[in-house]
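*Asks:* please work out how this folds:
(one chain, ligands or ions: 2)
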Amino acid sequence: MTGHGLLSVAEALARILDGVEPMPVEEVALEAASGRVLARPIVARLTQPPFDAAAMDGYAVRAADIATLPATLDLIGEASAGHGFDGTLGAGQCVRIFTGAPVPDGADVVVMQEDTARDGAKVTIVARPSSATHVRPRGGDFAQGQALLAAGHVLTPRSVTLAAAMGQPTLTVYRRPRVAILSTGDELVAPGTMPGPDQIVASNSYGLAAMVAAAGGAPQLLGIARDTRQDIETKLALAEGADVLVTSGGASVGEYDLVAPALEARGMKLGFWKIAMRPGKPLIFGRIGTQRVLGLPGNPVSSIVCGHVFLLPLVRALVGRGGAPEPSVRAVLGHDLSANDGPRTYYMRARLDRGTSPPTASTLIDQDSSLLSPLAAADGLLVREIGAPAMPAGTAVEIIPFEA
Ligand code: AMP
Ligand code: MG
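*Replies:* Ligands and ions are numbered 1, 2, ... in the order given. Purely as a prediction, here's the structure:
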């Protein structure tokens, strides 16, 4: 608690993450695996390369035959990728070979094409590899039984490539948590619908859905509820079975603020609903059974900032990535900043100029929490703790990046 009876951000996050376990696991095909989190280590089913393979186009020869140069050898066959040479190389012989082909038995060096001269079935080797044999040895990449990707690894296009080469057609990952998102407000219409004279377009649910998807969750938009208990409860019922329920709007104490009672009518046990945070003081957290419920402010900037601070760690914990935030970016302040003498931790939207080293951080001039264009232009958040003193330009700061 802070001096004003509000829950601190750290305490609020700790309560949200308390007892969160990663989701149950499922099998996914390789082509759907990028971005998912491995629930078990991947063990190679195969050895790579499976045979000694040519690393160059040229001729496979015996090292002993090219000890003195030039050396003229008899060409006895060809090995190309997918089509090995079916014999053994004897003294004085060579085999035409292409990159990726198995090096024939008896051969131990591949001489680059550029270092040879061919005349019918005779090949003269004029130079030899200095130290390299131009042979990729069997198992030089990895061996069957080796565990190369650990549980908890977030799959990337590169590690999916490795998993494929290891011979795994499917991977065991944590299921995506289903995150249901409901907007509330009589004034809201969906994007694409022309707003009436008193209306605006609902925007924050789309940003929250994008945030959830990028963190590995499965967002489900429940649409817009009117500001009536009944409509809110009807739409909340669509969240049945979701792992997380996010609402936006209607969380403060105004006349039309109905979300908390509607959630309680659905069985929510309230955890807290006020935090010492700017933007975003009215923030509901509770549970309906195992479902975690986050009631975010309707204000789009507040909901995106609160989503970043609370929803993102929750989704990450559920997908098996732990609740730890992305590492922050070290920067220097590009201008003077006044003290935070308010009662709440202030999450200032900031831009980062990465053209300097370290990057230069500038807080946006207009921190009004209804403005979306500066939010979209911002790179991250500069956190001003309660009581943080004024800072001159050049002070070292840390920025929480919006995107890694
Ligand atoms: P509320 O939290 O419902 O009091 O809403 C605070 C402000 O955010 C009001 O100006 C609303 O019009 C606006 N707002 C609420 N929900 C949304 C939404 N989904 N998209 C954009 N603006 C919203
Ligand atoms: Mg509202």
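*Asks:* how close does whichever residue of the stretch 101-250 of the chain sits closest to ligand 1 get to Met277?
*Replies:* Across the stretch 101-250 of the chain, no residue is closer to ligand 1 than Gly249, which sits at 3.1 Å (CB to the nearest ligand atom). Where you see a C-beta, it was placed from the backbone N, CA and C, and this is true even at glycine. Note on Gly249: its distance to Met277, by CB to CB, to the nearest Å, is 17 Å.
*Asks:* give me every residue in this protein lying close to ligand 2.
*Replies:* Residues of the chain found near ligand 2 (CB under 5 Å from the ion) are 185, 249-250, 298.
*Asks:* Gly249 and Met277: which has the busier surroundings?
*Replies:* Comparing Gly249 with Met277 by other CB atoms under 10 Å, the one with more neighbours is Gly249, at 30 against 27.
*Asks:* which SS state does the closest residue to that one other than its chain neighbours fall under?
*Replies:* Of all residues not flanking Gly249 in the chain, Gly298 sits nearest, at 3.0 Å (CB to CB, 6 or more residues apart in numbering). Put simply, Gly298 is coil when judged by DSSP: H, G, I helix; E, B strand; the rest coil.
*Asks:* show me what the one helix or strand Val160 maps to is packed against.
*Replies:* Element membership of Val160 [criterion: DSSP states H and E] is helix 157-165. Counting contacts by 3 or more CB pairs under 8 Å, 6 or more residues apart in numbering; DSSP states H and E, helix 157-165 is packed against strand 147-149.
*Asks:* ok, residues contacting the strand it packs on?
*Replies:* 38, 41-44, 142, 155, 159, 162-163, 166 (CB atoms under 8 Å, 6 or more residues apart in numbering).
*Asks:* per-residue pLDDT, the residue in the stretch 301-404 of the chain that ligand 1 sits nearest to?
*Replies:* Nearest residue of the stretch 301-404 of the chain to ligand 1 (CB to the nearest ligand atom) works out as Ser370 at 6.3 Å. The model reports Ser370 with a pLDDT of 81.
*Asks:* the residue of the stretch 101-250 of the chain closest to ligand 1 touches Pro297, doesn't it?
*Replies:* Yes: if you go by CB atoms under 8 Å, Gly249 and Pro297 touch, sitting 7.3 Å apart.
*Asks:* tell me which element Glu11 falls in.
*Replies:* Element membership of Glu11 [criterion: DSSP H and E] is helix 9-17.
*Asks:* contacts for that helix next, please.
*Replies:* Counting by CB under 8 Å, 6+ apart, 1, 7, 271-272, 275-277, 283, 285, 292, 294, 309-310, 313-314, 317, 323, 345 sit against helix 9-17.
*Asks:* apply 10 Å and report the result again.
*Replies:* Identification of contacts with helix 9-17 by CB atoms under 10 Å, 6 or more residues apart in numbering yields 1-2, 6-8, 244, 271-272, 274-277, 280, 283, 285, 287, 292-294, 306, 309-311, 313-314, 316-318, 322-325, 344-345, 347, 383, 385-386.
*Asks:* what is the subsequent helix or strand relative to that helix?
*Replies:* Next along from helix 9-17, by DSSP H and E: strand 25-29.
*Asks:* tell me the contacts of the residue in the stretch 251-400 of the chain that ligand 1 sits nearest to?
*Replies:* The minimum distance from the stretch 251-400 of the chain to ligand 1, using CB to the nearest ligand atom, falls at Gly298 (2.5 Å). Going by CB under 10 Å, 6+ apart, Gly298 touches 183-185, 187-188, 202, 204, 247-252, 257, 259, 282, 370.
*Asks:* same thing but at 7 Å, please
*Replies:* Gly298 makes contact with 185, 248-250, according to CB atoms under 7 Å, 6 or more residues apart in numbering.
*Asks:* SS state for Pro343?
*Replies:* coil.
*Asks:* quick one: is stretch 230-244 near ligand 1?
*Replies:* No: against ligand 1, stretch 230-244 shows no contacts by CB under 6 Å from any ligand atom, the least distance being 11.3 Å.
*Asks:* buried residues, that stretch. List them.
*Replies:* 231-233, 235-236, 238-239, 242-244 (16 or more other CB atoms under 10 Å).
*Asks:* ok, so of the residues you listed, who is nearest ligand 2?
*Replies:* Among these, Ile232 lies closest to ligand 2 (CB to the ion), at 10.6 Å.
*Asks:* rewinding a little: give me the contacts around the helix holding Val160.
*Replies:* Residues from elsewhere that reach helix 157-165, judged by CB under 7 Å, 6+ apart: 30, 33-34, 42, 48, 148-149, 153, 171.
*Asks:* of these, buried ones?
*Replies:* Buried among those by 16+ other CB under 10 Å: 33, 42, 48, 148-149, 153, 171.
*Asks:* ligand 1 next: which of these are close?
*Replies:* Within the buried ones among the contacts of helix 157-165, nothing lies near ligand 1 by CB under 6 Å from any ligand atom.
*Asks:* strands - which of those land there?
*Replies:* 42, 148-149, 171 (DSSP state E).
*Asks:* pLDDT at Gly3, what is it?
*Replies:* pLDDT, Gly3: 58.
*Asks:* give me every residue in the chain lying close to ligand 1.
*Replies:* Residues of the chain that fall close to ligand 1, judged by CB under 6 Å from any ligand atom: 183, 185, 187-188, 200, 202-205, 248-252, 297-300.
*Asks:* and the residues you listed, which are buried?
*Replies:* Using 16+ other CB under 10 Å, the buried members of the residues of the chain next to ligand 1 are 183, 185, 187-188, 202-205, 248-252, 297-300.
*Asks:* in the stretch 301-404 of the chain, where is pLDDT below threshold?
*Replies:* In the predicted model, the stretch 301-404 of the chain carries no residue with pLDDT under 70.
*Asks:* now do the helices in it.
*Replies:* 312-318, 372-377 (DSSP state H, counting those that start in this stretch).
*Asks:* looking at those helices, which is nearest to Thr360?
*Replies:* helix 372-377 (15.3 Å; CB to CB).
*Asks:* what is that closest one packed up against?
*Replies:* helix 300-306, strand 345-353 (3 or more CB pairs under 7 Å, 6 or more residues apart in numbering; DSSP states H and E).
*Asks:* which non-adjacent residue is nearest Ala81?
*Replies:* Ala81 sits nearest to Gly100 (CB to CB, 6+ apart), 3.6 Å away.
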